[in-house]
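Participant: Provided below for reference: sequence and predicted model.
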Amino acid sequence: MTATHTGHTPSAKQQWAEGLTVFAAVILMLAGILDIFRGIMGIAEDDVFVTTRNYVFEFDLTAWGWIHLILGAVAVIVSMGLFQGAMWARVAGVAIAGLIVIANFLSLPYYPVWSVVMIAFSGFVIWALCVSRSGTGTGTGTGETFDRSPRNA
């Protein structure tokens, strides 16, 4: 009883799943890097941000900068896990993208166009990670399966 290792070509669904996961990883990496830059701008109290009076969710610009910096750093780390195909990264990717959506929604009056762009990026990440099922039914997550059933020669 020997185990035979037969490589099999990935199906179109598996290729789509892997493509969507890579897409989500790239977009999350971009969103994270841009959020890091936005956090640095907020911490430095740059004049890029518009100050809005009488906004319900009014925050200190420095605190807001630290929030974006931390979210961006975590997003970059999670995207690296997505490139490795880790399941924890898929779950964390959806969670961190959701937090990025919330943070950017709360900062809409301060930087509206950029906030909408980041919400759209994060929405695509959530969609891609929830739609694709990469790694299911495969041995390594790369479309390669191993047949361990005994066969008569």
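Facilitator: Okay, I see it. Numbers count the residues shown, from 1 in each chain.

Participant: residues of stretch 115-124 that come out buried?
Facilitator: Neighbour counts over stretch 115-124 (16 or more other CB atoms under 10 Å) mark 115, 118-119, 121-122, 124 as buried. For the C-beta atoms, the positions are set from N, CA and C on the backbone; glycine is no exception.

Participant: Assign Leu108 to helix, strand or coil.
Facilitator: coil (DSSP: H, G, I helix; E, B strand; the rest coil).

Participant: wait, it sits on Met118?
Facilitator: No: using CB atoms under 8 Å as the test, Leu108 is too far from Met118 to be in contact (10.2 Å).

Participant: Please compute how far the helix or strand hosting Ala25 lies from its chain's middle.
Facilitator: In this structure, Ala25 sits in helix 12-43 according to DSSP states H and E. Here helix 12-43 is found 5 Å from its chain centre; the criterion is CA atoms, centre = their mean, to the nearest Å.
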